[in-house]
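S.K.: build me a model:
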Amino acid sequence: MDITTSPSQKIAFLGLGSMGLPMARRLLDAGYPLTVWNRTAAKAAPLLDAGAVLAETPADAVRNADVVITMLADPDAARAVAGLLIPALRPGTHWIDTSTIGPGTTRELAARLPEGVTLIDAPVMGSVDRAASGELLILAGGDTTPVADVLARLGTVTACGGPGDGAALKLVLINAAIGGVALVAESLALADALGLPRDLALRTLGAGPLGGAVGRVTATGSHFPVALAAKDVALATGTAELPLLETVHRFLLADPTLSGEDLASVAC
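M.R.: Below you'll find the predicted structure:
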């Protein structure tokens with residue numbers, strides 16, 4: 001895809017956490033006119049220094065936008081921000097939600113939109129390093145054609161079907177990843193109990209089917225808080241009977257001091 005032309009779509013980006021900030025920065029660096037909003041306004045400072053405009057409210061952020069992008073923590077945050085921004089959306093606006101909130105909440109928000117506004121669910125796989133380099137895997141539900149150039153700045157799009165299907169596939173993929181990390185953590189605990197060196201266990205686990213999970217455990221450029229991982233597992237276990245993931249959920253909540261730490265901390 002040719003993305004060398006000068007961007008003209010005005011973008012509003014809401015949610016500047018560990019993922020949202022580098023994603024918004026890529027769009028700003030690409031030349032898109034960017035307005036940003038975050039509950040903690042100070043987090044927007046690096047973007048403002050580079051030319052972004054800070055909005056005081058979600059409604060102010062989206063009022064003149066062609067494309068709205070949200071990256072919010074959970075379903076409650078998404079509903080709260082949606083209640084503030086939806087009344088200000090203009091017909092023809094495309095809303096891309098990159099949050100992980102599950103298909104039920106995604107379809108609920110889509111049903112609240114005024115006529116002429118579209119919602120594309122586009123949750124992403126990849127951590128802050130891939131967000132910064134534009135190498136995210138974007139799981140898109142709905143028609144991405146009008147926002148193809150915008151999404152191309154952020155990563156590679158996998159078309160998943162209709163609205164909500166991207167959010168659904170995200171739950172499948174992220175829970176497989178979280179479950180893999182939990183299994184590596186348990187395997188390392190067993191290795192320790194058996195008196196085996198940790199580096200030997202990691203090296204040999206990494207050469208087998210758990211190689212991807214071992215890579216995540218040893219990654220240094222990622223930040224996926226344990227609390228958010230637990231939220232993603234809860235979204236899955238609330239959808240189907242998943243005994244293994246229910247155990248993983250309890251495992252993630254076992255040490256509250258790790259809630260803000262990267263997922264890899266559960267294997268330390």
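
S.K.: farthest residue from the center of this structure?
M.R.: Relative to the C-alpha centroid of the chain, counting by C-alpha atoms, centre = their mean, G195 is the outermost residue, at 38.0 Å.

S.K.: assign it to helix, strand or coil.
M.R.: Following DSSP: H, G, I helix; E, B strand; the rest coil, G195 is assigned to coil.

S.K.: chain center to stretch 210-220, what's the gap?
M.R.: In this view, stretch 210-220 has its centroid 19 Å away from the chain centroid, taken as C-alpha atoms, centre = their mean, to the nearest Å.

S.K.: list the buried ones in it?
M.R.: Of the residues in stretch 210-220, 210, 213-214, 216-217 count as buried by neighbour count, 16 or more other C-beta atoms under 10 Å. From N, CA and C alone the C-beta is placed, and that goes for glycine too.

S.K.: check stretch 45-57 too.
M.R.: When neighbours are counted by 16+ other C-beta under 10 Å, the buried residues of stretch 45-57 are found to be 47, 52, 55.

S.K.: relative to G155, which of those residues is nearest.
M.R.: L47 (19.1 Å; C-beta to C-beta).

S.K.: ok so, going back, could you report the distance from the residue farthest from the centre of the chain to L183?
M.R.: Computed as C-beta to C-beta, to the nearest Å, the G195 to L183 distance reads 20 Å.

S.K.: show me the contacts for the residue farthest from the centre of the chain.
M.R.: Listed by C-beta atoms under 8 Å, 6 or more residues apart in numbering, G195 has no contact partners.

S.K.: do you know the pLDDT at it?
M.R.: Looking at G195, its pLDDT is 98.

S.K.: just the helices in the stretch 1-150 of the chain please.
M.R.: Along the stretch 1-150 of the chain, the stretches classed as helices by DSSP state H, counting those that start in this stretch are 20-29, 45-49, 58-62, 75-85, 102-111, 128-133, 148-154.
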